[in-house]
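**Student:** missing the sequence, but the structure's below:
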C-alpha cells in the first residue's frame with residue numbers, strides 16, 4: 001500500500017481504518033488477540049523506529065502464507081531524529097498499512113511508549129521528552145493538521161491488544177506487571193475490553209502491565225496459573241544480546257539494536273522451554289538485505 005506520509009487526511013484515515021480492523025477482528029476476545037493452534041508466529045521485541053529492522057522483519061514474517069502472524073511492539077520514539085524532531089509517526093503508519101493489508105495476521109501490541117504518546121504521559125529514553133519530540137515531528141510534517149493526526153493516532157493505540165494469547169500456551173505482551181503493582185492490578189483485564197481507567201498512569205491495569213519491571217519467579221508462576229500460560233514472551237527490558245531467559249517461563253527480546261533478535265514460534269506445537277527458545281532466536285542482521 002502506497003501512502004502519502006505528508007497528507008494528514010490520508011495518514012489519519014489509515015490509522016483509523018487499521019484500528020477498526022484490530023477492534024473487529026475475529027481473533028479479538030476481550031483486549032487480546034487469540035491465535036489458534038496452527039501456523040507460525042514471528043515474535044519481535046522493542047523496535048523503536050528502526051526502519052531497516054522493520055523491513056527485514058516484515059519480509060521474514062512471510063505474511064502472504066496461510067496462518068503466518070507477526071507481533072510488533074514499541075514502534076515509536078527512536079534515536080534517529082530528523083531536524084531535531086521525531087518522525088516515528090511514519091513507523092506507525094507503515095504498521096497500520098500492514099494491518100490493513102494482512103488483517104488478523106499483524107498484531108501491534110500496546111507498549112508503554114505508544115500509551116505515553118497517545119495519553120500525553122511523559123516518557124524519555126534519556127535524550128529528552130519523547131512525547132514532545134514526537135509532537136514536534138507531527139507539527140513539522142502536518143502543520144495545522146497535526147492534532148487531527150494525533151487524534152487518529154490515539155484511536156489506533158486504543159485498538160491495540162494488550163496481549164496476544166496462543167492456544168498452545170504462549171502469551172506475548174510488551175511486559176508484565178511489577179510485583180509491587182499486583183495488589184492494584186486486575187487479573188481479569190485480559191478477558192474484557194480496556195476501559196478509560198485502565199490507561200491511567202500508576203493505577204490503570206494496562207499502564208501497570210506495559211510499564212512493569214522486575215518480575216519474580218513466584219509472581220510469574222502466579223500469572224501463569226491465573227492465565228493458563230506456559231511461556232511468556234515480552235520486550236521492555238534492555239537485553240544486550242537481543243534475547244534473554246529471565247525466568248523459566250519468561251523470554252525477553254530486543255529488536256532495535258545491533259544484536260537484535262526475533263523468534264519464530266510453531267503455533268501447532270507445545271512451546272519449548274525458555275532455555276530451548278534461545279537456540280531458535282534469529283539475529284535480524286542474519287536475515288540479510290531485502291530483495
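**Tutor:** Noted; the coordinates are in hand. Everything numeric here is computed off the predicted structure, so don't read it as measured data.
**Student:** Before we move on, what's the pLDDT of residue 120?
**Tutor:** Residue 120 carries a pLDDT value of 88.
**Student:** try the one 3 residues further on
**Tutor:** Turning to residue 123, the model gives it a pLDDT of 71.
**Student:** Now it. Nearest residue, chain neighbours left out?
**Tutor:** Closest residue to residue 123 apart from its sequence neighbours, by CB to CB, 6 or more residues apart in numbering: residue 116 at 3.9 Å. Any C-beta I mention is one placed from the backbone N, CA and C, and that applies to glycine too.
**Student:** Next secondary structure after the helix or strand harbouring the one you found?
**Tutor:** Counting by DSSP states H and E, the element that carries residue 116 is helix 112-118. With elements assigned by DSSP H and E, the helix or strand that comes after helix 112-118 is helix 130-142.
**Student:** Check the gap between residue 180 and residue 280 for me.
**Tutor:** Here residue 180 is placed at a distance of 33 Å from residue 280 (CB to CB, to the nearest Å).
**Student:** whoops, I mixed them up, residue 86
**Tutor:** The spacing between residue 86 and residue 280, counted by CB to CB, is 34 Å.
**Student:** Settle it for me: which of the two has more neighbours?
**Tutor:** residue 86 (28 against 12; other CB atoms under 10 Å).
**Student:** how many other residues sit next to the residue nearest to the more buried one when sequence neighbours are not counted?
**Tutor:** In space, and not counting its chain neighbours, residue 86 is closest to residue 133: 4.0 Å by CB to CB, 6+ apart. Burial measure for residue 133: 20 neighbouring residues, criterion other CB under 10 Å.
**Student:** re the thing from before, give the contact list for the residue nearest to residue 123.
**Tutor:** 122, 123, 130, 131 (CB atoms under 8 Å, 6 or more residues apart in numbering).
**Student:** closest to residue 203 among the residues you listed?
**Tutor:** Taking CB to CB as the measure, residue 122 is the one of those closest to residue 203, at 15.9 Å.
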